[in-house]
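**Q** Predicted coordinates and the sequence they were generated for:
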Protein chains: 2
Amino acid sequence: MSITTPYRRSAALAGPINAAKPPRRATISDVAREAGTGKTSISRYLNGETNVLSPDLRERIKAAIERLDYQPNQMARGLKRGRNRLIGMLVADLGNPYSVGVLQGVEAACQALGYMPLVCHADNEVEMERRYLQLLTTYRVEGVIVNALGVREETLRPVGDGGVPAVLVDRTVAGVVADRVGLDNAAAAALGARHLLERGFDEIRFVVQPFDEVSSRQAREAAFRDAMRAYPHARGETVVLDLTDGQAVERTLAALDAQLAGLFDGDAGADGGGGSGVADADADVDVDVDTDTDGGAVAGAAFHTDVNARTAPRRIALFAANGPVALCLARHLKQRYGDAWQTRIALLSIDDPDWAELVGITAVRQPTYEIGYRAVEFLHERIAGGMTAARDCLLQGELIERASTSR
Amino acid sequence: MSITTPYRRSAALAGPINAAKPPRRATISDVAREAGTGKTSISRYLNGETNVLSPDLRERIKAAIERLDYQPNQMARGLKRGRNRLIGMLVADLGNPYSVGVLQGVEAACQALGYMPLVCHADNEVEMERRYLQLLTTYRVEGVIVNALGVREETLRPVGDGGVPAVLVDRTVAGVVADRVGLDNAAAAALGARHLLERGFDEIRFVVQPFDEVSSRQAREAAFRDAMRAYPHARGETVVLDLTDGQAVERTLAALDAQLAGLFDGDAGADGGGGSGVADADADVDVDVDTDTDGGAVAGAAFHTDVNARTAPRRIALFAANGPVALCLARHLKQRYGDAWQTRIALLSIDDPDWAELVGITAVRQPTYEIGYRAVEFLHERIAGGMTAARDCLLQGELIERASTSR
DNA sequence: CTGTTAGCGCTTTCAG
DNA sequence: CTGAAAGCGCTAACAG
């Protein structure tokens, strides 16, 4: 990109800059000299070993520090001590409100435990993720909290077992042994699915990003399928929506539309004709889920059908596996069916972003703050002592019922 | 808060941890020994002074580094060199998509210029802001980019003139002389206002958070008023909405409702009766804006009225000064007027969050990425050389027209 | 071309 | 109670 907009001088801001001030910050030696003592005592004072200092000296030091506006250099301190109280927080996507929620928990816990979080934003770029991870170890952070992309083990190599202590948030990474904290995906997906089923929705599409490499998506998808089994009269399908590929999104949504169109008039099992994006429904046959997770843009599977009840129109619901998917679906549905789209299709989402309330969408809210908080606590334990086995902390989601599923 | 959810051991993750590995990372001395040479040469190699090294030595060093998986310690490096390539990015509120956009620009520029951004999230807490700022200087960052809260000068003391180089984003802070980069607020507010006026809206409420301490809000409000002057047949008012105070929000919105209710039937100038929140309209009189910025939750001013044309019902629009305000308004309007609220009242917002498109709201989009990018460039110049006067970089907003103002 | 020598600012023995 | 001295890991003169 190019940055071309010119800037203007602001009369209000322009002013003579005081260039006379000594740019060099005071060091511990300066303070020692000012207080007429040795560096050691200053160091002791700084570290709260205030009991071993004579009241007099204590006063002189205090005064000297104030006079010089001295602030100890954490870098030097860290170099000497071997630990710098820095921990890295690698965030996959700050545009996802989930991440911001987790971050808030992380910050709170860091403050409580005396760490300084160094937050890095990979912005969904694996390359960035790699770069930041390496940068973090270069700055000798004491540990990292990783909300990984669909990374491969290698980029996480420096981390976890044998490397920097790490805790994974939301997702595990194959080959990396480390603590993990996140949503109880199985319970959350089941919660959502059951809610829809109990509300009488009998045509449910679970829409999820490619999940062959992301543990949390896998868990949600599997739990959705499980939940559907208990309701033989209803039908569920998984639709894979690759948000990173605009073309694929178009195709998948078109196929979904086509398939659903046939259902509005009670014509269960009819495939509107969209070829790619959603597998044909294989009506009247039980079909195991398509395990061919080819990583491609589209994959789908019908795993239960009972089309005897094709008398009444089906009640259709879309179950979004997370916030970004929900947003994509909502946008599309609105564009396709107009402002009244919610009267035709229900939407339920795991994740509860701001706009969900505005639009009136039922959601399973994640305890993001707690997730972040716990992650730091875990990391702290790892840093401090030698825990042995990796732990997995599952937190429960909460169903927020709104208009979308209440008709 | 309490963290009580228990965790479970995951069979999949549990495994013997390799505690045998040497936890200590290799140092430059280790590499020197391994390569059979002195530290200096290693340092030279690291710093790309590769031309002054014999090809042979170069090879040996390269090999040694790989064998030991050596990674130079940035802390030590920074300590010695006096600069550590760290810059701080203080974000007021990551929940505001604006901030995330800016952050993306910051990250890109940092990468391009070789800095490592240390992002700190004040989360709207002035105390956090202070803490982080002090922490940043303690870590000897080379500069800071500050998206300040309504801070007072003192907390920014260590920064700017005479302290750490700084550039302000979006807002200036009274008493702090530093570069600033942000939206051209005057132009943006005028753009929005004129759009509404041209579309025939003649009753406009500019809704803004308390602006006596926030320069960007001030600028927007002032520009709104200016723009209204050119349309004597229309009427504009400023409504102050303090999002940090739930009670005040309730009151202000109630008052706003009451006032607007009277307008739907063409009864211009009628005040629905809500006392607080919105000042009475002072119909038929030109009134200067109430400059008594008492910092309280409510303040308002009618500044032009021409109620001769009270024959036709007024066309009402709400102009939100930023995204968070827009969200608050949208929520309220939906709750108050139901799903069809947009047929009664138009909403236009400065800031263009995700949901604006979903809900169909016209917006003035800020060039957030560029703002962030430029901020880093400015900071870089400050760090490098001795610029003298503070600059003010104004970037233009872009009007995104949507259904809300197209009826 | 290459190694030796001082430190950067701080903590930490180890003797007073 | 207090201070001198020895580094943490690295870079930057200054000699070879």
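**A** Ah, there it is.

**Q** Centroid-nearest residue for chain A?
**A** Residue closest to the average C-alpha location in chain A (CA atoms, centre = their mean): residue A:99, at 4.0 Å.

**Q** so where is chain A shaky, pLDDT-wise?
**A** A:1-23, A:150-162, A:263-312, A:387, A:407 (pLDDT under 70).

**Q** Keeping just the C-alphas, turn stretch A:394-407 into CSV.
**A** Presented in CSV, the C-alpha positions along stretch A:394-407 are these (Å, rounded to 0.1, in the frame of the first residue of the first chain):
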residue,chain,number,x,y,z
LEU,A,394,-12.4,-27.1,30.0
LEU,A,395,-14.7,-24.2,30.8
GLN,A,396,-18.4,-24.3,30.2
GLY,A,397,-20.3,-22.1,27.7
GLU,A,398,-23.6,-20.4,28.5
LEU,A,399,-26.6,-20.4,26.3
ILE,A,400,-28.0,-16.9,25.6
GLU,A,401,-31.5,-17.4,24.1
ARG,A,402,-32.7,-14.7,21.7
ALA,A,403,-35.4,-14.1,19.2
SER,A,404,-33.7,-16.1,16.4
THR,A,405,-34.7,-19.4,18.0
SER,A,406,-37.9,-18.3,19.8
ARG,A,407,-40.5,-18.3,17.2
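
**Q** got the contact list for it?
**A** Stretch A:394-407 is contacted by residues A:181-184, A:187-188, A:191-192, A:195-196, A:199, A:201, A:317, A:342-343, A:346-348, A:350, A:352, A:356-357, A:359-367, A:370-371, A:374, B:5, B:7-8 when judged by CB atoms under 8 Å, 6 or more residues apart in numbering or on different chains. Placement of C-beta: from N, CA and C, glycine included.

**Q** that older thread, ignoring the adjacent residues along the chain, who's closest to the residue nearest to the centre of chain A?
**A** Residue nearest to residue A:99 in three dimensions, not counting chain neighbours: residue A:91, with 4.9 Å by CB to CB, 6 or more residues apart in numbering or on different chains.

**Q** Around the one you found, count how many other residues there are.
**A** Residues within reach of residue A:91, counting by other CB atoms under 10 Å in any protein chain shown, total 27.

**Q** residues contacting it?
**A** A:99, A:102-103, A:119-122, A:147.

**Q** Filter the contacts of stretch A:394-407 down to the buried ones, PyMOL style.
**A** Buried subset of the contacts of stretch A:394-407, written as a PyMOL selection, criterion 16 or more other CB atoms under 10 Å in any protein chain shown:
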select buried, (chain A and resi 181+182+183+184+187+188+191+192+195+196+199+201+317+342+346+347+348+350+352+356+357+359+360+361+362+363+364+365+366+367+370+371+374) or (chain B and resi 5)
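
**Q** Narrow the contacts of stretch A:394-407 to those in strands?
**A** A:181-183, A:317, A:346-348, A:350, A:362-365, B:8 (DSSP state E).

**Q** Now the two most distant members of those residues.
**A** A:346 and B:8 (32.7 Å; CB to CB).

**Q** just to revisit the earlier point, beta-bridge partners for the residue nearest to residue A:99, please?
**A** For residue A:91, the beta-bridge partners are residue A:121 (DSSP bridges).

**Q** What sits closest to residue A:189 if chain neighbours are left out?
**A** residue A:223 is the one closest to residue A:189 (CB to CB, 6+ apart), at 3.7 Å.

**Q** Verify the stated contact: that neighbour with residue A:191.
**A** No: Residue A:223 lies out of contact with residue A:191 (CB atoms under 8 Å); the separation is 9.1 Å.

**Q** What is the three-state secondary structure of the nearest residue to residue A:194 once chain neighbours are set aside?
**A** Distances taken as CB to CB, 6+ apart place residue A:227 nearest to residue A:194, at 5.7 Å, with adjacent residues excluded. For residue A:227, the secondary-structure state derived from DSSP: H, G, I helix; E, B strand; the rest coil is helix.
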